[in-house]
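Undergrad: Structure for the following, please:
(one chain, ligands or ions: 1)
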Amino acid sequence: MIPKVRLPADARPDTLAVRAGLPPSQWGENSEALFLTSSFVHPDAATAARRFANEEEAFVYSRFSNPTVMMMEQRLAAMEGSTGCIATASGMAAITLMVLGLLQAGDHVVCSQSVFGSTIKLFQDFAKFGVQTTFVSQTNVDEWRAAMRPTTKLLFAETPSNPLTEVCDIAALAAIAHAGGAWLAVDNCFCSPALQRPVALGADLVVHSGTKYLDGQGRVIAGALCGPVELIDAKLVPTMRSAGMSLSAFNAWVVLKGLETLSIRLLAQSERALQLAQWLEAQPAVERVYHPSLPSHPQHALAMAQQGGRGGAVVSFVVKGGRAGAFALIDATRICSITANLGDTKTTITHPASTSHGRLSEAQRQAAGIQQGLVRVAVGLEDVEDLKADLERGLAGLATLA
Ligand SMILES: *Cc1c(COP(=O)(O)O)cnc(C)c1O
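TA: Numbers count the residues shown, from 1 in each chain. From the prediction side, this is the model:
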């Protein structure tokens, strides 16, 4: 038996973020140990046989079980309010594991058309194995309902979306999924459990790119899938064991320690993002600002109800002057990092039309609302006055443009 740490049953999320997981080893370490070992030793041949036959719970081989990885899984599951979690080598590996483990040829998926670009590509790729996907509007619940087929097994949403922070109604999608005998999976990358807990709203599975806010300091690639422990044990652990998209113990340890500060980081980054968004709305060179905390956001009320009253740390905005204007603004910054990553304590700035959405045709970009003047900022933990000054330099040069 692998013991669990003993916590009061009513321990609150901030306590779980610091304390949930496995108890310390025999040495009594206070900070969680990093078990860098590929395999585990058994006391005798008969015990090894029982462990390989799954008759006795123990650590065997780090492709499918490792104490550091398990600590991260249990802590994240506790924070998401789900009974189980399985860690993966990346966010994309979590989605791959979910599809390999849960679906088969002939199954159908309904997915938002506004999800992460590689997620769209991955679901398109699964068509060659007989799993078809219908892509629907992020915000129009009727389109999701209309796309349901008798073979639909999975609904996949990501909210808020990148880069326009469009919000989908998790509870409404869960009702549609369950009426059709399907699972709802939500990519909770942008909010993390610090702001949004999809399971409490009816989602069955929660997908994470641990690379983003869970690590929170831009150090590792990691992923995880949270869901009912019975489903994970029956369908996903066996797939992990054979397919091997495992998270390394070192990366799990980095994410595990990141979880301890997740909520204070996200609250602080969200607050800075709101201040920046409000300031941007008042700038003459800015045509439009997208952030769920702004009353001008089309799904403001839904976002506030679903995300604990917070907008998250990502702000997008359209500047005057199209692509040239956006490039001039980005190039005038001295603090922001020019990179498409997000979820870091360092503020990042990017031009979606030529980076994350650069492979789309101009018509596809227009349909998705990704204009050439759009800039995305993922706000970190610098002083917000310094961030305003960093953007103001570029905006000053654009204010005179028509
Ligand atoms: C980054 C990201 C992913 C993919 O995660 P990786 O860890 O880079 O594989 C999936 N979904 C969203 C919303 C992301 O931002």
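
Undergrad: nearest spatial neighbour of the residue of the stretch 51-200 of the chain found nearest the ligand, skipping sequence neighbours?
TA: For the stretch 51-200 of the chain, the residue closest to the ligand is residue 91, as judged by CB to the nearest ligand atom, at 2.3 Å. To be clear about C-beta, it is placed using only N, CA and C from the backbone, and glycine gets the same treatment. The shortest distance from residue 91 to any non-neighbouring residue, by CB to CB, 6 or more residues apart in numbering, is to residue 209 (2.7 Å).

Undergrad: follow-up on the earlier one: which residues sit in contact with the residue of the stretch 51-200 of the chain closest to the ligand?
TA: 116, 187, 189, 207, 208, 209, 210, 211, 212, 222, 223 (CB atoms under 8 Å, 6 or more residues apart in numbering).

Undergrad: distance of the last one from the ligand?
TA: Translated: residue 223. 5 Å (CB to the nearest ligand atom, to the nearest Å).

Undergrad: what bridges to that residue?
TA: residue 88, residue 209 (DSSP bridges).

Undergrad: Quick check: it touching residue 94?
TA: Yes: counting by CB atoms under 8 Å, residue 94 is a contact partner of residue 223 at 3.9 Å.

Undergrad: can you pull out the helices in the stretch 101-250 of the chain?
TA: 117-125, 141-147, 170-179, 192-195, 229-231, 237-243, 249-259 (DSSP state H, counting those that start in this stretch).

Undergrad: Roughly how far does the residue lying closest to residue 222 once chain neighbours are set aside sit from the ligand?
TA: Leaving aside its chain neighbours, residue 222 sits nearest to residue 210 (3.1 Å; criterion: CB to CB, 6+ apart). Residue 210 sits 7 Å away from the ligand, going by CB to the nearest ligand atom.

Undergrad: residues in contact with residue 210?
TA: By CB under 8 Å, 6+ apart, the neighbours of residue 210 are 87, 91, 220, 221, 222, 223, 224, 247, 251, 255, 258.

Undergrad: where's it relative to residue 12, distance?
TA: 22 Å (CB to CB, to the nearest Å).

Undergrad: Output the set of residues of the stretch 201-350 of the chain in proximity to the ligand.
TA: Counting by CB under 6 Å from any ligand atom, the stretch 201-350 of the chain comes close to the ligand at 209, 211, 212, 221, 223.

Undergrad: residues contacting the closest residue to the ligand within the stretch 101-250 of the chain?
TA: The minimum distance from the stretch 101-250 of the chain to the ligand, using CB to the nearest ligand atom, falls at residue 209 (3.0 Å). Residue 209 sits next to 90, 91, 92, 94, 187, 189, 222, 223, 343 when contact means CB under 8 Å, 6+ apart.

Undergrad: and if we set it to 7 Å?
TA: Contacts for residue 209 were tallied using CB atoms under 7 Å, 6 or more residues apart in numbering; they are 91, 189, 223.

Undergrad: Would you mind measuring from the second one to residue 331?
TA: For residue 189, the distance to residue 331 under the criterion CB to CB works out to 28 Å.

Undergrad: So which of these two has more stuff around it?
TA: Using other CB atoms under 10 Å as the criterion, residue 189 and residue 331 rank with residue 189 on top: 24 against 11.
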